[in-house]
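> Give me a 3D structure for the following:
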Amino acid sequence: MVGNRRLKLFTFSRIFGRKEGAEAGLVAFRPPIKVCVSSPIESFLNELMNQLVKNPKLQLLGNEIQVTSIEIPRSPSLGEEAVFYTLSPITVYSTLYTAEGKKRTYYFSPYEQEFSQLVSINLARKYRAYKGEDIQGNVGITPIGRPKESIVLFKDTVIKAWAGRFIVKGDKRLIEIAYEAGIGSKNSAGFGMVEVVNDA
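I've put the predicted structure just below:
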């Protein structure tokens, strides 16, 4: 907990696999498929892996899937600058109020200053939740090229997010949290997972 916010320090990627078209708003995949999961909390990952080994058959949207392999990649060495590409799109937003007092959610694009500011604030909260201490550092995030806007319907809510490459500069500790727990908001709903660009 950070204040009155309960942070779930994990994230996961979109589904990787061969798509076979869409029907009634759903996308079909041909096996095999791949999903990546990340968290700074090692015990969470160990428990997830143990459960998948014990119970490799899962239900996903009414479909039975079989876990056939689990890979544990080596964590990269991160410094004060990293180039990431998104494994699931990044969403950054604020809840605003109209003159009538109604709530409105505004989603920021990577080209707005608030996008970088809110990413930095969010990462500091994650660090505090994970380490139990405040951090004075910050980071800046800048898009490389033209990130692709993704419109996602999640629990009857339209979410705007961005996929592509981003350069993150600043406090090494926050960059590490960004890699492990995700960038932006709604990480536990499958947003903001990133991987290091190898040719950076």
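> any low-confidence regions in this protein?
Where the chain drops to pLDDT under 70, the residues are 1-6, 21-26, 199-200.
> tell me how far the ends of stretch 105-113 are from each other?
End-to-end distance for stretch 105-113: 17 Å, by Cα to Cα, to the nearest Å.
> Need the residues that contact it.
Stretch 105-113 is touched from outside by 90-96, 114-116, 118, 141-143, 147, 149, 159-162, 166, with contacts defined as Cβ atoms under 8 Å, 6 or more residues apart in numbering. From N, CA and C alone the C-beta is placed, and that goes for glycine too.
> how near is Arg30 to Glu64?
15 Å (Cβ to Cβ, to the nearest Å).
> about what we covered before: are any of the contacts of stretch 105-113 buried, and which?
Buried by 16 or more other Cβ atoms under 10 Å: 90-93, 115-116, 118, 141, 143, 147, 159-162, 166, out of these.
> Which members of these are positioned in strands?
Residues of those located in strands (DSSP state E): 93, 141, 143, 147, 159-162, 166.
> which residues of this structure fall in strands?
In the chain, the segments counted as strands under DSSP E are 11-12, 16-23, 26-34, 37-38, 57-60, 63-66, 81-86, 93-97, 103-107, 139-154, 157-170, 194-196.
> got a markdown table for these, with distance to Pro73 too?
Formatted as a markdown table, the strands of the chain follow (distance: least, Cβ to Cβ, whole Å):
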| stretch | distance to Pro73 |
| --- | --- |
| strand 11-12 | 14 |
| strand 16-23 | 14 |
| strand 26-34 | 12 |
| strand 37-38 | 10 |
| strand 57-60 | 21 |
| strand 63-66 | 21 |
| strand 81-86 | 15 |
| strand 93-97 | 30 |
| strand 103-107 | 31 |
| strand 139-154 | 22 |
| strand 157-170 | 19 |
| strand 194-196 | 9 |
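> Pick the most buried one from these.
Highest mean neighbour count among the strands of the chain (mean count of other Cβ atoms under 10 Å): strand 11-12, with a mean of 22.
> Quick one: list the elements packing against that one.
strand 37-38 (3 or more Cβ pairs under 8 Å, 6 or more residues apart in numbering; DSSP states H and E).
> Name the residues that touch the strand it packs on?
Residues contacting strand 37-38 (Cβ under 8 Å, 6+ apart): 10-13, 45, 48, 179-182, 193.
> how many neighbours does Gly101 have?
A count of neighbours around Gly101, defined by other Cβ atoms under 10 Å, yields 6.
> and the helix of greatest length in the chain, how far out from the chain's middle?
Criterion DSSP state H: the longest helix present in the chain is helix 113-131. Averaged C-alpha coordinates place helix 113-131 at 13 Å from its chain's average position (Cα atoms, centre = their mean, to the nearest Å).
> Just the buried residues of it, please?
Those buried within helix 113-131 under the rule 16+ other Cβ under 10 Å are 115-116, 118-120, 122-130.
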